[in-house]
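Peer 1: sequence and predicted structure are below.
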Amino acid sequence: QRWKYKFWGKSAEIISSGQVNVSLPRYGDHYEWNKAVTCLHNVLSPQRWLEHYGEVVIRNTQSEACTCKITFVKTCSLTTTSRSTGSPATPASSTS
C-alpha cells in the first residue's frame, strides 16, 4: 500500500492508494476494498478528531453479484453528525 499525506495548516489528510483484502476459505469468498480518506482535524489543538470521507467499494472477487458502494460524506465540524450512504450494486452499475 502507498500512503499520501497532505497538510493543510490545521488539518492533515491521509490518502491510501492500495486495496485491502480478506479471504474466507471456508465459504470460498475473497473480498477487497479501497480505504476512504482519513483526515485529522485540529492537529495543533488538544481537541483533535478524525474523519473519514470518500467512496469505498467492497467487492467479492469470486462473484460479480457481491458488490457494495459506501460513500462517507465530509462534515464541517466536530459537532456535526457524520453521514454515509450505501447501496448494493448490480454487476452493470459496479465499479472496478
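Peer 2: Ah, there it is.
Peer 1: where do the strands of this structure begin and end?
Peer 2: 3-7, 11-16, 19-24, 29-34, 37-41, 49-60, 67-73, 83-88 (DSSP state E).
Peer 1: which residues does the residue at minimal distance from the centre of the chain contact?
Peer 2: Nearest to the mean C-alpha position of the chain, counting by CA atoms, centre = their mean, stands residue 36 at 2.4 Å. Neighbour list for residue 36: 52-56, 72 [criterion: CB atoms under 8 Å, 6 or more residues apart in numbering]. For glycine as for every other residue, the C-beta is placed from the backbone atoms N, C-alpha and C.
Peer 1: pLDDT weak spots in this structure?
Peer 2: The model of the chain has pLDDT under 70 over residues 1, 76-96.
Peer 1: pull the most distant pair out of the contacts of residue 36.
Peer 2: 52 and 55 (11.0 Å; CB to CB).
Peer 1: what sits in contact with each of these two?
Peer 2: Common neighbours of residue 52 and residue 55 (CB under 8 Å, 6+ apart) are 36, 72.
Peer 1: returning to that earlier point: I'd like the contacts of residue 36 as TSV, with neighbour count and distance to residue 28 appended.
Peer 2: TSV is the format used below for these (neighbours: other CB atoms under 10 Å; distance: CB to CB, whole Å):
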residue	neighbour count	distance to residue 28
52	16	30
53	17	33
54	17	30
55	14	27
56	17	23
72	18	30
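Peer 1: turn the residues you listed into a markdown table, including distance to residue 6.
Peer 2: Shown next, in a markdown table, are the contacts of residue 36 (distance: CB to CB, whole Å):
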| residue | distance to residue 6 |
| --- | --- |
| 52 | 15 |
| 53 | 13 |
| 54 | 13 |
| 55 | 18 |
| 56 | 19 |
| 72 | 17 |
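Peer 1: of all those residues, which comes closest to residue 20?
Peer 2: Of all these, residue 56 has the smallest distance to residue 20: 9.5 Å, by CB to CB.
Peer 1: could you list every residue that touches residue 29?
Peer 2: 23, 60, 62-63, 66.
Peer 1: that's all I had, so thanks and see you.
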